[in-house]
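*Asks:* only the shape, not the letters, is given here:
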């Protein structure tokens with residue numbers, strides 16, 4: 001600190017006393033939760049998903065696609081995913097049945 005600063009007439013910060021020990025603990029807990037949930041996206045991804053709504057929608061779609069599929073039932077059943085408006089998004093069918101339908 002520079003020598004020209006005169007701290008003789010300064011006053012003590014009043015805010016820590018107002019918070020107290022319990023308030024400080026609550027503030028630290030809030031801060032740890034607030035910063036723990038933060039994810040930083042690369043620039044190209046941030047440009048592709050400009051807002052929270054589209055980002056969450058895309059991530060939920062990826063989660064549905066990555067979910068383990070049941071071995072019971074139809075083997076080639078497609079996973080249906082809903083968008084933010086509740087409309088169904090159906091992926092294109094895969095396998096021999098879809099190739100036969102194209103012919």
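*Replies:* Now that the structure is in, tell me what you want to look at. Since the structure is predicted, the reported quantities are computational estimates derived from the model, not experimental observations.

*Asks:* contacts, neighbours, all on C-alpha from now
*Replies:* Will do.

*Asks:* which residues of this structure score low on pLDDT?
*Replies:* Within the chain, the stretches with pLDDT under 70 are 1, 70-80, 90-103.

*Asks:* top helix in this structure by residue count?
*Replies:* helix 15-36 (DSSP state H).

*Asks:* check contacts around residue 44.
*Replies:* For residue 44, the contact set (C-alpha atoms under 8 Å, 6 or more residues apart in numbering) is empty.

*Asks:* distance of it relative to residue 50?
*Replies:* In this view, residue 44 and residue 50 are 10 Å apart by C-alpha to C-alpha, to the nearest Å.

*Asks:* what does residue 13 give?
*Replies:* 41 Å.

*Asks:* got it, and residue 66?
*Replies:* Distance of residue 66 to residue 50, given as C-alpha to C-alpha: 24 Å.

*Asks:* equivalent analysis for residue 21, please.
*Replies:* 40 Å.

*Asks:* from residue 63, how far out is residue 69?
*Replies:* On the measure of C-alpha to C-alpha, residue 69 and residue 63 end up 12 Å apart.

*Asks:* between those two, which contacts overlap?
*Replies:* Common neighbours of residue 69 and residue 63 (C-alpha under 8 Å, 6+ apart) do not exist.

*Asks:* quick one, strands of the chain?
*Replies:* Assigned by DSSP state E, the chain shows strands spanning 81-82, 88-89.

*Asks:* among those, which is the most enclosed?
*Replies:* strand 81-82 (a mean of 16; mean count of other C-alpha atoms under 10 Å).

*Asks:* so what touches that one?
*Replies:* Residues contacting strand 81-82 (C-alpha under 8 Å, 6+ apart): 61, 64, 88-90.

*Asks:* residue 55 against residue 49, yeah?
*Replies:* Yes - in this structure residue 55 lies within contact range of residue 49 using C-alpha atoms under 8 Å: 5.4 Å.
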